[in-house]
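*Asks:* Quick one: sequence plus predicted model below, questions after.
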Amino acid sequence: MSLSKELARGTVMPIVLSLLAERPMYGYEIVKTVNTRSNGVLEFKEGTLYPLLHKMQGQRLLKAKWQDGPASGGGKARKYYALTPKGNRLLDASREQWESMSGAVDALLMGA
Amino acid sequence: MAEFRELIEQATRRLSRDRELRLEVSRELESHLEASAAEFLGADYSEEDAHAAAVQAFGPPEEVAEQLWEANRFRLKWRARAWWLARLTLLPACVLATLIFAVSGISTVSRSSQIWDGVDYSYNPVMRWQERRLKGRMTAEQRLIYFGDESADSRTDRWRAVRDANPQEVLDQLELISMMLSELPDTERAPEAFAAGRQDLLVELERGSDLDPDNGVYSLITAGLWLLPIADDFDHNAVDATVVIETLRFKGGQLERTESKVYRWPDGADEQALSLALTALEEAASKPYLTMHVSDRVRRRLAQLPAPRSMHEYLGRISREVGTLLPSLSYFRTAFRLVSAAALRRAESGDQEGALYLLKQLDTVSAKLAASAEPLISLLVAHSCEHLQRVAEVAVWRALGDEAEAAEALARSDSLAVVYANYRQGDSAEAREFDEYLMQTSGALMSTLIPAVPGYRVDTSAFRKAEYATVDRAALTVGLLVIVVLSSLISLSGGYQSWRNRRSGNGPLLLWIGWRRLGLALAGGVGLPLMGFMVWVWTPWSGRAYGLNYTLTPLAAYLPLCLFAGLLLWLLGRSALRQRAYELGLSVPTPPSRWPALILAGLILGVSFTVWGVFRWSADDGGDVSSGWALASLIATAAALGFAFWWLVRELIWLKGIEKPRRALGRAALVGLAVALGLGLVLRAWVGFVTYGAVRTELTLWVQIIAAVSGVGISLLFLAGTPGRFKVFAASIGRSISPILAMSGLLLALTVGTGLSLRERSLAKEMVALSPVFFDLEIKNSNAREFKAYLAGEETRPPRRP
């Protein structure tokens, strides 16, 4: 099952922030990690990730640095993204919002 | 890979305005697609299918292109603006900063020359501009007092206007009298004009005497004026024109008995003039003091000027002070010579009382002149007058036939010479040692301004520091000039290459290395060497405790500073640019070994220290450099220069990726040699035949040096033009290092330039605080103080005017 476009659009940014909070990653690595961890539910067109990363970089939520990748991947230079303090703050705020919203949605949809 | 290229092309096409950004995004997308394809390959896809699957997973390129443009829109805009701003402002700002420092440097040099040689710089546009700026900071009244009435036709009228504006001001009256005296026509060439000028002067002297009734100087000048035509007409060669007295004199650093001449009153000379002069002299002797108020006049004029803000403004004050008119002093001696002659005539006619009365008048006047002396020159004139009076006394007693009194008078004359000699030679070993110390530490300017008086105790450190600040400023100007020229040339070359490759799209890129790396390059290439230099300057080994008149070795530190800064800036800049080019996927060479650059840095420092040490050591040793050490220094410098050249060639070969370096080097050397020989011949012909009409051998060395340096430069340029594997990379490095260079120049101007300006301002204040009028210090702070007391007897100083 895949998510509707609207729902995916609203969740991609917090997901990227959350992944990069773990460690710096390059674009393809982010795509793969999202696909693996969501079992394909959150699968999105890979190319659209980059405009989002650039936009977040422009908003000072992410910083980027070119560095050589792991030797297993041929050691080629890749652009790694990492969270800035501003990105970290937004991630915390997004988590809080999501918790309160998911609780409310659970209550309404599941009748919990 | 063709499908990848097409997809990336489509996805990034809206970013084509910014070639560097598009390259970066393309590289990122390419890396993504390659990784994706590799994964499909790992899942047993064929290569073709793997690529197709990667493209499929990537999504529609049109949508990505739109989103990429949207996401980078703001970035594109500010990067474009920043580049244009950098293009339009960086280099012009650097040029402007260089010009500002050059203007200040030219003003300082011109003002110094004005002090030393009295050169008129009214033709110099920089000086005229500075003068206009100075006037702009003054009120109309201040301008009038300082410059006089600039619309007046003659110099006398210029100062008459000042006096007319302040009719009760004694100092303005004296300024006018001084100017009139200096413009007085010659008695022999224009006797009628002289008589008219004298009449005008007598009116002004009378007026001065009314304004300043306790001052006898007006009467003394009046006496001199009446006697001037007789003195000018005096025939030294006529028989019995003078009486010769053998007296002790201090000349050429030693006391010796030598001939002093006492004038005889010339037959037929104007008796009425003598009578008027004697009346004036009597009046002068009866007044409490005799002064031209030189210091007060200078002080009043300088007080009109705004506080100096730089070294050249301070020098402007000094040049005004040095140029102060002291013409009346010669009139004093004229009066003494001819009144002595009159006393001798009275003695020869047996009028002892009359003769001694005149001598007493002269003695009183010379003591009062000494008591009122403020500039050292006034004291020396008072000494000269006292000497004339004492020698005349010997002649008078001999004429009266009293040998005992004559011997006593001779002893008094000799004792004057002994006191003078003691004063001039320094009264103690300590004073002499201090003189030597002062000359070593005072700097070139002060060592010429310090009067030749022993025991002159003034803290001259501010002058020396200001001198170094000026030299630092000059070095900064030269450094900025080099940066501007280099940066412009590189920019032009980059612009030309971009234009040449405008269609192929292979022109050099303007690489943006990011703020962090730019900061690192500037901090390492500009900040670090400067900090090292400042630490060095503060150490006692830098030699800055000595003046530049004593040793020039402190200046030798500029060369290693510039070389070191240039080397560091290049290494850091090119490493950052290479990294950026690599990130963008340009074909770049592997980094060269660091050892040659490190050895070069070590050589620059090592050789500089060695050469500096040899010359510094020799300066302490009397300035003689032994030929062995000189040869060793020369060899070390030549070795360092040779290594630097080799390193430069190596860098060029690396940068361009020249495939057959030996062949390229051989060609470059041949071209360089041909240029050196050709240019040498042309220059020799031009210098020799066109300029002088013959071969001038003494110019040949310079011609050869110019030709050799040009040959080396051309061969390097030829090497730089040789094609290589990393053409775009090398051209991009050249194009991108230019703004870094310009930025380092601007940083230098803003930090060092501002720092130096502030330092000059504070030093100018310190120098003015030392004494608003330099004349004041000459007698007050030296052994001349005791000599003045000796000449003045018990006389008191004249009251100082506010």
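*Replies:* All right, it came through fine.

*Asks:* Report pLDDT for B:A565.
*Replies:* pLDDT, B:A565: 93.

*Asks:* residue boundaries of the strands in the stretch 101-250 of chain B?
*Replies:* B:242-251 (DSSP state E, counting those that start in this stretch).

*Asks:* Single out the residue in it that lies closest to chain A.
*Replies:* B:F101 (38.9 Å; C-beta to the nearest C-beta). To be clear about C-beta, it is placed using only N, CA and C from the backbone, and glycine gets the same treatment.

*Asks:* just the stretch 651-800 of chain B next, same as before
*Replies:* Taking C-beta to the nearest C-beta, the stretch 651-800 of chain B has B:F729 as its residue nearest chain A, at 15.2 Å.

*Asks:* before we move on, what about the stretch 551-700 of chain B?
*Replies:* Closest approach of the stretch 551-700 of chain B to chain A (C-beta to the nearest C-beta) occurs at B:E583, with a separation of 4.1 Å.

*Asks:* one step back: with just CA atoms, put the strand or helix carrying the residue of the stretch 651-800 of chain B closest to chain A into CSV.
*Replies:* According to DSSP states H and E, B:F729 maps onto helix B:727-748. As requested, the backbone C-alpha atoms of helix B:727-748 are provided in CSV (Å, rounded to 0.1, in the frame of the first residue of the first chain):
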residue,chain,number,x,y,z
LYS,B,727,43.3,22.9,-19.1
VAL,B,728,39.9,23.8,-17.7
PHE,B,729,41.0,23.2,-14.1
ALA,B,730,44.2,25.3,-14.5
ALA,B,731,42.2,28.1,-16.1
SER,B,732,39.5,27.9,-13.4
ILE,B,733,42.1,28.1,-10.7
GLY,B,734,43.6,31.2,-12.4
ARG,B,735,40.2,32.8,-12.8
SER,B,736,39.1,32.0,-9.2
ILE,B,737,42.2,33.0,-7.4
SER,B,738,41.8,36.5,-8.7
PRO,B,739,38.9,37.4,-6.4
ILE,B,740,40.6,35.7,-3.5
LEU,B,741,43.7,37.9,-4.1
ALA,B,742,41.6,41.0,-4.4
MET,B,743,39.8,40.1,-1.2
SER,B,744,43.1,39.6,0.6
GLY,B,745,44.2,43.0,-0.7
LEU,B,746,41.0,44.6,0.6
LEU,B,747,41.3,42.8,3.9
LEU,B,748,44.9,44.1,4.2
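
*Asks:* List the buried residues for the helix or strand that it is followed by?
*Replies:* Where DSSP H and E defines the elements, the next helix or strand beyond helix B:727-748 is helix B:754-770. Neighbour-count burial for helix B:754-770, counted by 16 or more other C-beta atoms under 10 Å in any protein chain shown, picks out B:756-757, B:759-761, B:763-764, B:766-768.

*Asks:* Can you narrow those residues down to the ones near chain A?
*Replies:* Here nothing survives when the buried residues of helix B:754-770 are matched to chain A using C-beta under 8 Å from any C-beta of the partner chain.

*Asks:* Mind giving me the packing neighbours of the helix holding B:F729?
*Replies:* Judged by 3 or more C-beta pairs under 8 Å, 6 or more residues apart in numbering or on different chains; DSSP states H and E, helix B:727-748 is in contact with helix B:61-117, helix B:461-500, helix B:515-522, helix B:558-583, helix B:627-656.

*Asks:* per-residue confidence at the most centrally placed residue in chain A?
*Replies:* Using C-alpha atoms, centre = their mean, the residue of chain A that lies closest to the mean C-alpha position is A:V16, 1.2 Å off. Looking at A:V16, its pLDDT stands at 92.

*Asks:* list the contacts for it?
*Replies:* A:30, A:49, A:52-53, A:56 (C-beta atoms under 8 Å, 6 or more residues apart in numbering or on different chains).

*Asks:* Let's see that with 6 Å instead.
*Replies:* When contacts are counted by C-beta atoms under 6 Å, 6 or more residues apart in numbering or on different chains, A:V16 touches no other residue.

*Asks:* One more: B:T139?
*Replies:* When contacts are counted by C-beta under 6 Å, 6+ apart, B:T139 touches no other residue.

*Asks:* count of residues packed around whichever residue of chain A sits closest to chain B?
*Replies:* In chain A, the residue found nearest to chain B is A:K45; the distance is 3.0 Å by C-beta to the nearest C-beta. A count of nearby residues for A:K45, using other C-beta atoms under 10 Å in any protein chain shown, gives 14.

*Asks:* close enough to count as contact, it and B:F58?
*Replies:* No. Using C-beta atoms under 6 Å, A:K45 makes no contact with B:F58, being 7.1 Å away.

*Asks:* so the residue lying closest to B:H387 once chain neighbours are set aside, which of the three states?
*Replies:* The shortest distance from B:H387 to any non-neighbouring residue, by C-beta to C-beta, 6 or more residues apart in numbering or on different chains, is to B:L416 (6.2 Å). State at B:L416, reduced to three classes by DSSP: H, G, I helix; E, B strand; the rest coil: helix.
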